[in-house]
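J.: Below is the sequence, then the predicted model.
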Amino acid sequence: MKKLLLSLFFVIFGTMASAQVQDYPALFNVTDVPPGDILNVRAGPGVNHQIIGTLARNATGVEVIGTTEDRRWGRVSMGEMSGWSSMRYLTRTGPSWDQGLPAPLYCSGTEPFWSYDRQVGGGSWSDFEVQNQPHAERWSGSASGRGPSMFALDLDSGTATMTAFIRRGICSDGMSDRDYGIVAQFLRRSGGQTVLLDGCCSLAR
């Protein structure tokens with residue numbers, strides 16, 4: 001039974017990854033849900049799966065990290081969990097990955113805990129030593145010849161510098177049941193020390 005469940009997991013995520021490389025993650029609004037109703041979030045891609053959450057009929061900024069191969073069901077990230085919702089009721093609002101790494105972007109990692117909130121032109125870094133340390137973005141771009149799938153950032157706070165390597169791909173924070181659609185590594189140099197930190201990013205909190 002465990003082997004069957006594991007095989008099903010890789011089949012679902014394998015087909016989802018092929019769609020994700022082209023278009024995802026992305027933000028969506030819930031649309032066409034009748035008044036007084038909600039959009040269900042299910043444990044699997046299909047109406048026969050258990051309902052594990054809901055989205056309001058007018059919800060905005062819903063992050064979808066990928067879809068099934070037929071694009072009928074999307075993997076939705078919300079709070080500390082992820083589930084599946086019907087794409088019939090979700091309308092894409094962005095971003096366009098061809099235009100570069102989007103902002104805002106929310107990156108974080110554990111052991112040690114850290115976070116970087118990217119905005120246009122820069123962002124803020126927090127860890128166990130500093131809180132909301134502003135960083136100017138000296139450069140950002142995508143990997144040469146790779147298309148809009150891998151990106152890098154060059155960041156400077158005045159007392160610390162960072163190089164971030166960010167790519168689209170399925171990511172887990174190792175603590176919650178939420179899946180992310182962006183993988184991130186931050187090489188941070190501060191106080192004469194250099195540390196490499198691994199984590200995930202999302203388009204919405």
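T.: Received it, and whenever you're ready, just let me know what you need.

J.: Got the domain ranges for this protein?
T.: What automatic domain parsing lists as the domains of the chain is 2-94, 98-202.

J.: mean confidence score for the first one?
T.: This points to domain 2-94. Averaging pLDDT along domain 2-94 yields 85.

J.: Check stretch 168-176 too.
T.: On average, stretch 168-176 scores 95.

J.: hang on, the earlier thing: now the domains of the chain in CSV, with mean neighbour count?
T.: Glycine gets a C-beta too; all of them are placed from N, C-alpha and C. Shown next, in CSV, are the domains of the chain (neighbours: other Cβ atoms under 10 Å):
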stretch, mean neighbour count
domain 2-94, 16
domain 98-202, 16
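
J.: is the closest residue to residue 76 other than its chain neighbours in a bridge, and if so with what?
T.: Distances taken as Cβ to Cβ, 6 or more residues apart in numbering put residue 85 closest to residue 76, at 4.9 Å, once the chain neighbours are dropped. Beta-bridge pairing of residue 85 under DSSP bridges involves residue 74.

J.: these two touch, right, residue 85 and residue 55?
T.: Yes - counting by Cβ atoms under 8 Å, residue 55 is a contact partner of residue 85 at 6.6 Å.

J.: how far away is residue 105 from residue 170?
T.: 17 Å (Cβ to Cβ, to the nearest Å).

J.: what's the answer for residue 28, then?
T.: From residue 28 to residue 170 the distance is 18 Å (Cβ to Cβ).

J.: Reduced to three states, what does the spatially closest residue to residue 205 that is not a sequence neighbour come out as?
T.: Sequence neighbours aside, residue 106 is the residue nearest to residue 205 in space, at 5.7 Å (criterion: Cβ to Cβ, 6+ apart). Three-state call for residue 106 (DSSP: H, G, I helix; E, B strand; the rest coil): strand.

J.: How about residue 71?
T.: Secondary structure, three-state DSSP: residue 71 is coil.

J.: Could you measure from it over to residue 90?
T.: Residue 71 is 11 Å from residue 90, by Cβ to Cβ.

J.: do the same with residue 109
T.: 28 Å.

J.: Also residue 25?
T.: The value you get for residue 25 to residue 90, if Cβ to Cβ is used, is 13 Å.

J.: which residues do these two both contact?
T.: residue 64 (Cβ atoms under 8 Å, 6 or more residues apart in numbering).

J.: Now do the same contact list for the closest residue to residue 116 other than its chain neighbours.
T.: Among residues not flanking residue 116 along the chain, residue 107 sits closest, at 4.6 Å (Cβ to Cβ, 6+ apart). Neighbour list for residue 107: 115-118, 164, 166, 182, 184, 186, 199-202 [criterion: Cβ under 8 Å, 6+ apart].
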